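J.: turn this into a structure:
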Amino acid sequence: MTAIIDYGAGNLTSVQYALDALRAPSRITRDLDTLRAADRLIFPGVGAAAAAMRNLHASGLIPLLRERIAVGVPFLGICLGTQILLSRSEEDGGTPLLDILPGQVKRFTPVDARDKVPHMGWNQIHALRPHPLLDGVEQDADVYFVHSFYPAPTHAADTLATTDYAGCTFSAMLARGNIAATQFHVEKSGPVGLRILQNFLQWDGSC
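T.: Residues are numbered from 1 along each chain as shown. So this is what the prediction gives:
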């Protein structure tokens, strides 16, 4: 069973609908025992970083997240769930995050007035190396983004794929060990997103 972590952020049901399309059993939950028993975890979300972190602290989920990642459970972050893995966000005047993957979350600063923030719509991802989640995904495939902030990991090796927007080449996918994360919405990215989700469901957490 795949557990979708409910920490008060939005967009949880759309992730579950995508898993339903793949006929993959899933449950949206914040119950610690259910999360501990899950075969894999998905950490999605939309919204503000500070509110999400308050909810994570209040629900007691942070120790569990660290525990399950440490024992090698396959883990997928999506959008806000990707950003929260990093150390600190510029959002809300500066928000400390989980610091599981060292790095910052930065706001787009467009150099051209035609580049709107939030970055919303389809854009290409350019893979920097092979990874099980990218099996069968063509180079420079189009995926769907909705975000004003982007992950900037400290270690270049944590970036799996990049995207260009607003004069910036940013990390669109992160990967380290049993952690993978997408700044784009896999659940809204059509066949490419479903392929990435299917790959995640078959992934044992190794690279």
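J.: where in the chain is pLDDT low?
T.: Nowhere does the chain drop to pLDDT under 70.
J.: need the longest helix for it.
T.: Identified as the longest helix of the chain according to DSSP state H is helix 190-202.
J.: what does that one rub up against?
T.: Under the criterion CB atoms under 8 Å, 6 or more residues apart in numbering, residues 2, 18-19, 21-22, 24, 40, 42, 74, 76, 132-137, 141-144, 180, 182, 184-187, 189 lie in contact with helix 190-202. In short, each C-beta sits where N, CA and C put it, glycine included.
J.: buried residues, that helix. List them.
T.: For helix 190-202, burial by neighbour count (16 or more other CB atoms under 10 Å) applies to 192-201.
J.: cool, stretch 169-186 as well?
T.: Applying 16+ other CB under 10 Å to stretch 169-186 flags 170-176, 178-186 as buried.
J.: ChimeraX command to pick out the buried ones of the contacts of helix 190-202?
T.: Only the buried entries of the contacts of helix 190-202 go into this ChimeraX selection, using 16+ other CB under 10 Å:
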select :2,18,19,24,40,42,74,76,132,133,134,137,141,143,144,180,182,184,185,186,187,189
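J.: among the contacts of helix 190-202, which ones are in strands?
T.: 2, 40, 42, 76, 141-144, 180, 182 (DSSP state E).
J.: now render the residues you listed as TSV, adding distance to R68.
T.: Putting the ones in strands among the contacts of helix 190-202 into TSV (distance: CB to CB, whole Å) gives the following:
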residue	distance to R68
T2	12
R40	9
I42	12
L76	12
A141	29
D142	32
V143	26
Y144	28
A180	14
T182	19
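J.: out of those, the closest to A152 would be?
T.: Of all the ones in strands among the contacts of helix 190-202, T182 has the smallest distance to A152: 15.3 Å, by CB to CB.
J.: surely the closest one and L80 touch.
T.: No - applying CB atoms under 8 Å, one finds T182 not in contact with L80, separated by 11.3 Å.
J.: strands along the protein, start to end?
T.: 2-5, 26-29, 40-43, 75-78, 88-89, 95-96, 103-107, 119-127, 141-147, 149-153, 159-165, 168-176, 179-182.
J.: restrict the second one to CA atoms and write it as PDB.
T.: Written as PDB, here are the backbone C-alpha positions of strand 26-29 (Å, rounded to 0.1, in the frame of the first residue of the first chain):
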ATOM      1  CA  SER A  26      -3.300   4.000  -1.700                       C
ATOM      2  CA  ARG A  27      -4.500   5.800   1.400                       C
ATOM      3  CA  ILE A  28      -4.500   9.400   2.400                       C
ATOM      4  CA  THR A  29      -3.500   9.400   6.100                       C
END
